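# Return atomic coordinates for the entry below.
(2 chains)
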Amino acid sequence: MLKISRKTAVALFEALGYKTCGKWNSAKMNKKLAELPNTVADGVVLENVALNDLLSDILASEFPCILDVETNKKSKCKKEKAGLFSSMNDNDDDDDDDDDDDAEEEEKPAKKKVKKNKKKKPSKKNGSVRIHLPKASSVEEEKAVKKEKAVKKEKTVKKEKTVKKEKTVKKEKTGRDRFGAKLDSVTARFNAALSKKTKSMKDLMAESNITRNYTDHARKLVERGFIVEDEKGFKIK
Amino acid sequence: MDNESDNRTIEDFVEDMVSDGRSLFQIQVVAVNTRWANKLEEIMNYSKKLFEKLGHV
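This next block holds a predicted model:
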């Protein structure tokens, strides 16, 4: 399962043309991330290479990726510099938009407190920072899953290519006669009956075993310059 | 979807529609038949831009 920091997710959506992504809460962001494979067309290339790689990872992953709240480096660094640990409750996930602002707002009074009571240590009751460190095994698993997906993709692409090739070959097999009519069609039969000798429409219909009058078709051939119309009938130039 | 909240902007509306998998035509139809009808032109412009970025045009 892919975990993405809010900053990168916002950057990705901005690159994809979403204007309001900065305002989304984490629930909405997660929803949009999950819907991303359905909304982005194949072959979309972003200018930013890193974002492009991330997008391709998201599109390739079977599981929807999740916004990783815990890897918000900015707020962490600030808090660490201040020597304080802020609480990161799970319930606050929806208010991630204002994380940075809140962190800054919280820091100001916190710094004052530090100045007043320098000996005070950060209380553990306020909560501890949960740092997400991927386990080695999980990383290996992810790599293996990625490899499998890549292999599957290649296979499907190859299959599609072969199917397309077969289709084109089939198309080529169904040829056309000298006037462009499909072989084995009624029109082709009529065209075959045409010769350098002038033949009336009745004769042509009888020769080609057609009951319908093909005068319109013959006139079209005349317009295209393949045959000539006489008083008696039609003949090839 | 379009009546979820009244605070939504045109961009919110379009992005939600696109995420739902709606086509340009479907967005137009929804917009015409809802309170967004008077902002149809802006909606269509933003929709086209977004679809272009997402590789659908």
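
# low pLDDT regions in chain B?
Along chain B, the parts satisfying pLDDT under 70 run over B:1-6.

# Can you tell me the centre-most residue of it?
Taking Cα atoms, centre = their mean as the criterion, B:Val14 is the residue nearest the geometric centre of chain B, at 2.9 Å.

# Run a quick check on that residue versus B:Val30, I expect a contact.
No - with contacts counted by Cβ atoms under 8 Å, B:Val14 stays clear of B:Val30, the gap being 10.2 Å. Using the backbone N, CA and C atoms, a C-beta is placed for each residue, glycine as well.

# Kindly report the residues of chain B close to chain A.
Within chain B, the residues that sit near chain A (Cβ under 8 Å from any Cβ of the partner chain) are B:9, B:11-12, B:15, B:18-21, B:46, B:49-50, B:52-56.

# Domain parsing of chain A, as residue ranges.
As given by automatic domain parsing, the domain ranges for chain A are A:3-69, A:72-122, A:186-236.

# Out of those domains, which gets the lowest mean score?
Lowest mean pLDDT within the domains of chain A: domain A:72-122, a mean of 44.

# Make sure B:Glu11 is actually in contact with A:Lys19.
Yes - judged on Cβ under 8 Å, B:Glu11 makes contact with A:Lys19 at a distance of 4.6 Å.

# what residues are shared contacts of these two?
B:Tyr46 (Cβ atoms under 8 Å, 6 or more residues apart in numbering or on different chains).

# if we can go back for a sec, going through the residues of chain B next to chain A, which ones are buried?
Using 16 or more other Cβ atoms under 10 Å in any protein chain shown as the burial test, those include B:11-12, B:15, B:18-19, B:46, B:50, B:53-54 as buried.

# Now tabulate these in JSON lines and tack on secondary structure.
As requested, those are exported to JSON lines (DSSP: H, G, I helix; E, B strand; the rest coil):
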{"residue": "B:Glu11", "secondary structure": "helix"}
{"residue": "B:Asp12", "secondary structure": "helix"}
{"residue": "B:Glu15", "secondary structure": "helix"}
{"residue": "B:Val18", "secondary structure": "helix"}
{"residue": "B:Ser19", "secondary structure": "helix"}
{"residue": "B:Tyr46", "secondary structure": "helix"}
{"residue": "B:Leu50", "secondary structure": "helix"}
{"residue": "B:Lys53", "secondary structure": "helix"}
{"residue": "B:Leu54", "secondary structure": "coil"}
